[in-house]
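A.B. asks: predicted model and sequence below, questions to follow.
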Amino acid sequence: MSTGGTPNPVAYQPNAKYVLLLGLMCALPAVTSDIYLPSLPDVARDLDTTTTAVQLTMTSVLVGAALGQLVIGPLSDRLGRRRPVLVGIALHIVISLLCAIAPSIGTLIALRVVQGFFNAAATVVAIAVIRDRFVGSDASRLLSRLMLVIGVAPLFAPSVGGLIAGQAGWRAVFVALGVFGAALWVVVWRRLPETLPPERRREAGLRPALRGYATLLRDRQFVAVAVLPGLATAVLISYVVGSPFVLREGFGLSANHFALLFAVNGVALVGGAQVNASLVRRVAPIRILRVAVPLLLVVAVTLLVIAVTGASGLFGLLAVLWVLLGLFQFIPPNASAIALGRHGAMAGTAAAFIGALQWGVAGVVSPLVGVLGGDARAMCLVMVGSAATALLVLAAATPAYHRGGWYHL
């Protein structure tokens, strides 16, 4: 187990403003996705395309984010944390404005890939900054606090996006994303400290980056734990890309009603994050994963049964979905903290690897919702498959369920 580059916990004690800043950085991809959700049916009509194609404008952001993490992570280990994130956010602004004038669905999908690529700078740098300063339960607790900020995005972003689209059309939503990016750039430029001093930076170039990823790939337990956030996020993104069509077209909800329900589900994300942040003060992250992952599968199966049988109708579907979204927040923070703790000497590269898996797996898996029909059954079936795979990985590829074995994680 490699723990080089030990963080200096007394160098900076995070206050509320610091947590808010890192949370806004991590929330940039979530805002980019969620503010656009109510517009998906309108985009399909305006660009004369299919449900599956317009869903690709959501999942293509994830694919771009996965690629961006792999490139930007090593750069942040070489150049420091500030420069990559400032450049990435600046290019996010440019791409957002280009999305606003996209003439076709193909162009929009391509631009969203690029948008996700540069969005990744904000996320990977925020996670690397945490690992520069904290390890173990402290890192997991801070990550959970960030989830509070990230979780606020589903509370307001769809409502704001729906309001903007209702007044000025879906293209204006991308202009709003550019404005948000500009505000975030100013705050990062003024408030984000450099947490990686020159003496701890790694050499640049393709070969060093590849050597870093090769080191991570040889650590099988790291890879196994690092893929768990991706599988959990596949559950979440399956809901994100499927819900506009499941709830608006399947159950006939208006854009405003959809935004309201999406906000209610956002409360579950916020609540789950806060419970986890308190729990990791007393319980090791791996112990939380041992319980949370199988529970996620049980709830996903229950949701599938409701979708197939129609039992309890919309209320039953939403109630179980609310529980599932709360459980989601117990997996990525704890799995990421465990994985990052194994390779502190190259936190940026490790964070990039974890982020690439997280968004890459979600980006590859979630389009299956559209392929399988785009209805509630398809959405729930993909959730069950993702949760079952996560449990299989945790049980078979880590010592989490071996007596005393989890001490080696």
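C.D. replies: Received, thanks. Residues are numbered from 1 along each chain as shown.

A.B. asks: where does the protein have low pLDDT?
C.D. replies: The chain contains residues with pLDDT under 70 at 1-16, 135-140, 143-145, 147-155, 202-206, 344-345, 347-348, 404-409.

A.B. asks: chain neighbours aside, what residue packs nearest to Thr195?
C.D. replies: In space, and not counting its chain neighbours, Thr195 is closest to Asp132: 4.0 Å by CB to CB, 6 or more residues apart in numbering. For glycine as for every other residue, the C-beta is placed from the backbone atoms N, C-alpha and C.

A.B. asks: check Gly355 too.
C.D. replies: Nearest non-adjacent residue to Gly355, counting by CB to CB, 6+ apart: Gln69, 3.8 Å away.

A.B. asks: the one you found belongs to a helix, doesn't it?
C.D. replies: Yes - counting by DSSP: H, G, I helix; E, B strand; the rest coil, Gln69 is part of a helix.

A.B. asks: distance of it from Val124?
C.D. replies: For Gln69, the distance to Val124 (CB to CB, to the nearest Å) stands at 5 Å.

A.B. asks: mind listing what Val61 touches?
C.D. replies: Residues near Val61 by CB atoms under 8 Å, 6 or more residues apart in numbering: Pro29, Thr32, Ser33, Arg112, Val113, Gln115, Gly116, Asn119, Gly363.

A.B. asks: same question for Ser366.
C.D. replies: Residues in contact with Ser366 (CB under 8 Å, 6+ apart) are Met58, Thr59, Leu62, Ala234, Ile237, Ser238, Val240, Val241, Val382.

A.B. asks: re the thing from before, pretty sure the residue nearest to Thr195 contacts Leu196?
C.D. replies: Yes - using CB atoms under 8 Å, Asp132 is in contact with Leu196, at 5.9 Å.

A.B. asks: shared neighbours, those two?
C.D. replies: With CB under 8 Å, 6+ apart, Asp132 and Leu196 have common neighbours Arg81.

A.B. asks: circling back: show me the contacts for the residue nearest to Gly355.
C.D. replies: Ala120, Thr123, Val124, Ala351, Ala352, Phe353, Gly355, Ala356, Trp359.

A.B. asks: with adjacent residues omitted, what lies nearest to the fourth one?
C.D. replies: Translated: Ala351. Spatially, and ignoring its direct neighbours in sequence, Ala351 is nearest to Ile127 (4.0 Å; CB to CB, 6+ apart).

A.B. asks: can I assume that neighbour is in contact with Ile72?
C.D. replies: No - using CB under 8 Å, Ile127 is not in contact with Ile72; the gap is 11.2 Å.

A.B. asks: grab the nearest non-local neighbour of Asp42.
C.D. replies: What sits nearest to Asp42 in space, not counting adjacent residues and going by CB to CB, 6+ apart, is Trp170, at 5.1 Å.

A.B. asks: before we move on, what about Ile101?
C.D. replies: Counting by CB to CB, 6+ apart, Ile101 lies nearest to Arg171, which is 7.1 Å off, once chain neighbours are set aside.

A.B. asks: any idea how far Asp84 lies from Arg78?
C.D. replies: Check again: residue 84 is Pro, not Asp. 9 Å.

A.B. asks: have a look at those two and say which one is more surrounded.
C.D. replies: Pro84 (26 against 18; other CB atoms under 10 Å).

A.B. asks: tell me the SS of the more buried one?
C.D. replies: Strictly by three-state DSSP, Pro84 counts as helix.

A.B. asks: that older thread, common neighbours of Gln69 and Val124, please.
C.D. replies: By the contact definition CB under 8 Å, 6+ apart, Gln69 and Val124 are jointly contacted by Ala351, Ala352, Gly355.

A.B. asks: among those, which are in helices?
C.D. replies: Here DSSP state H is the test, and those give Ala351, Ala352, Gly355 as lying in helices.

A.B. asks: could you dump those residues to JSON lines with neighbour count and distance to Val188?
C.D. replies: Formatted as JSON lines, these follow (neighbours: other CB atoms under 10 Å; distance: CB to CB, whole Å):
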{"residue": "Ala351", "neighbour count": "30", "distance to Val188": "17"}
{"residue": "Ala352", "neighbour count": "32", "distance to Val188": "18"}
{"residue": "Gly355", "neighbour count": "29", "distance to Val188": "18"}
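
A.B. asks: wait, which of those is closest to Val246?
C.D. replies: Nearest to Val246, judged by CB to CB, of these is Gly355 at 27.5 Å.
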